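Peer 1: fold the stuff below for me.
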Amino acid sequence: MTAAAVHRPGRLGDPDMTIADDPRADPRMIAVLEMVGMGGHGEPSPATAETSMEDLYAWVNEAEPGFEMLFDALFGALPAVEGVESRTEVISGVDGNDINLYIHNQSDAAGPQPCVYHIHGGGMVLLKASGQSYVRWRDELAALGLVAIGVEFRNGGGELGNHPFPAGLNDCASGLQWVAANKDALGVSTITVSGESGGGNLTLATALKAKRDGYLEMIDGVFAQCPYISGMYADPPAGLPSLHENNQYFLDCENMGGIAKVYDLGGPDRTNPLAWPLHASVDDLTGLPPHVISVNELDPLRDEGLAYYRKLAAAGNSVQARTVNGTCHAGDVIFRGAMPEVYAATAAALRDFAYSV
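Peer 2: Below is the predicted model of the structure:
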């Protein structure tokens, strides 16, 4: 190893480094990751871009309950958020399917409040808005004085699949339009679209679709967290160094390549900005509402989020970027119990942004 390589971060400097060995990592996060067996590189993924669709669907069906169990363990023992109530509204989507919208607000809310229209993570192919971690997130946002609405979109695989692009995006768009049409009844003043990981993809894509289809005025702000937006995981480009630097830190690029294939079927949509927003042109990005792009320092996806931030700025938009240091992919919203102040800081940043637009 050369002297120069020693000073390069993560696996760029040491190809054998694990997240548990990385000196940048928050030790509280590492303690949780090691407890659940995720502190090392793990075994090679059985689901990659080379895997057949049949086997990819089988992998998603097997992996989804495991992720749900992990989040149940991390969030299930937390005390309930007080002063918040919730209900479910069932609407009809543009494709004729039913969509559940989970609406959370303060029990004693006085007057209209900003809405965070939340789109959950899971690579657009697994997990549900009804999961404990997302219920908790909406409750916490509601307690901060927001109307938090989660959309249960169709996934590319798993329990709510198999529905490849653009099914999930269509559902997110349908839910947004329903919220906008019912702002007065919902007690909503403005709408900020927000989500993390795959939900960050759909957050950005929802804004691009709204512009393309002529209803961009419905969106007042966009707050995307650790967005999964390049689609270039099977062969990570040198221009996105975090895909190499932080590979196998909670996320594995080869596995993300398989998940991407479940979403877009490995077809021509791999460069469609509505499927993978990093491919948006300057024309696509011009005239968008204010954005925040929030990324995690130790995330393979960090640099694609920052690349999108730079493209938004180059297109003349109002945009901010924030990096949550010491955390893996979505670590600021996953490790609520271990790092409560980190979780609270991201929730407060989203609240402050929603009140500012």
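
Peer 1: for the nearest residue to Pro46 once chain neighbours are set aside, give me its contacts.
Peer 2: Spatial nearest neighbour of Pro46, excluding adjacent residues (CB to CB, 6 or more residues apart in numbering): Trp59 at 6.1 Å. From N, CA and C alone the C-beta is placed, and that goes for glycine too. When contacts are counted by CB atoms under 8 Å, 6 or more residues apart in numbering, Trp59 touches 46-47, 51, 258.

Peer 1: what's the closest of those to Asn170?
Peer 2: Gly258 (23.3 Å; CB to CB).

Peer 1: could you check how far the closest one is from Asp72?
Peer 2: As judged by CB to CB, to the nearest Å, Gly258 and Asp72 stand 24 Å apart.

Peer 1: looking at the contacts of Trp59, which two lie furthest apart in space?
Peer 2: Between any two of the contacts of Trp59 (CB to CB), the greatest distance is 8.6 Å, for Pro46 and Gly258.

Peer 1: more crowded one of the two?
Peer 2: Ranked by neighbour count (other CB atoms under 10 Å), Pro46 and Gly258 place Gly258 first, with 26 against 15.

Peer 1: which strand or helix spans the more buried one?
Peer 2: Using DSSP states H and E, Gly258 sits within helix 253-264.

Peer 1: counting by contacts, list what that helix packs against.
Peer 2: Where contact means 3 or more CB pairs under 8 Å, 6 or more residues apart in numbering; DSSP states H and E, helix 253-264 is packed against helix 53-75.

Peer 1: what strands line up against the helix or strand following the helix it packs on, and which way round?
Peer 2: Using DSSP H and E, the next helix or strand after helix 53-75 towards the C-terminus is strand 84-92. Here strand 84-92 is paired, per DSSP bridges, with strand 98-106 (antiparallel).

Peer 1: for the following helix or strand past the strand it pairs with, list the C-alpha coordinates in PDB.
Peer 2: Once strand 98-106 ends, the next helix or strand along the chain (criterion: DSSP H and E) is strand 113-119. This file holds the C-alpha atoms of strand 113-119, laid out as PDB (Å, rounded to 0.1, in the frame of the first residue of the first chain):
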ATOM      1  CA  GLN A 113     -49.700  23.100   9.200                       C
ATOM      2  CA  PRO A 114     -47.100  22.200   6.600                       C
ATOM      3  CA  CYS A 115     -47.400  18.600   5.300                       C
ATOM      4  CA  VAL A 116     -44.600  16.200   4.800                       C
ATOM      5  CA  TYR A 117     -45.700  13.700   2.100                       C
ATOM      6  CA  HIS A 118     -43.500  10.800   3.000                       C
ATOM      7  CA  ILE A 119     -42.300   8.000   0.600                       C
END
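
Peer 1: report the mean confidence score over strand 113-119.
Peer 2: In this model, strand 113-119 has a mean pLDDT of 99.

Peer 1: now for it, which elements pack on it?
Peer 2: Counting by 3+ CB pairs under 8 Å, 6+ apart, strand 113-119 packs on helix 132-143, strand 147-152, helix 167-181, strand 188-196, helix 198-213, helix 340-356.

Peer 1: mean confidence for the helix or strand just after the fifth one?
Peer 2: So the one you mean is helix 198-213. Note on helix 198-213: by DSSP H and E, the next helix or strand toward the C-terminus is strand 221-225. The average pLDDT within strand 221-225 is 99.

Peer 1: tell me the strands beside strand 221-225, with direction?
Peer 2: Sheet pairing for strand 221-225, using DSSP bridges, gives strand 188-196 (parallel), strand 291-296 (parallel).

Peer 1: between those, which one is closest to Phe335.
Peer 2: strand 291-296 (11.1 Å).

Peer 1: from the chain's centre, how far out does the helix or strand just after that closest one sit?
Peer 2: With elements assigned by DSSP H and E, the helix or strand that comes after strand 291-296 is helix 302-314. Distance of helix 302-314 from its chain centroid, counting by CA atoms, centre = their mean, to the nearest Å, is 15 Å.

Peer 1: for the very next helix or strand once past helix 302-314, name the packing helices and strands.
Peer 2: Next helix or strand after helix 302-314 toward the C-terminus (DSSP H and E): strand 319-324. Contact analysis of strand 319-324 by 3+ CB pairs under 8 Å, 6+ apart lists strand 291-296, helix 302-314, helix 340-356 as its packing neighbours.

Peer 1: okay, buried residues for strand 319-324 please.
Peer 2: Under the neighbour-count criterion of 16 or more other CB atoms under 10 Å, strand 319-324 has 319, 321-322, 324 buried.

Peer 1: ok, now stretch 94-113?
Peer 2: 99-106, 109, 113.

Peer 1: which element is Val333 on?
Peer 2: Going by DSSP H and E, Val333 is part of helix 331-334.

Peer 1: just to check, Ala25 is in contact with Ile19?
Peer 2: Yes. Using CB atoms under 8 Å, Ala25 is in contact with Ile19, at 5.6 Å.
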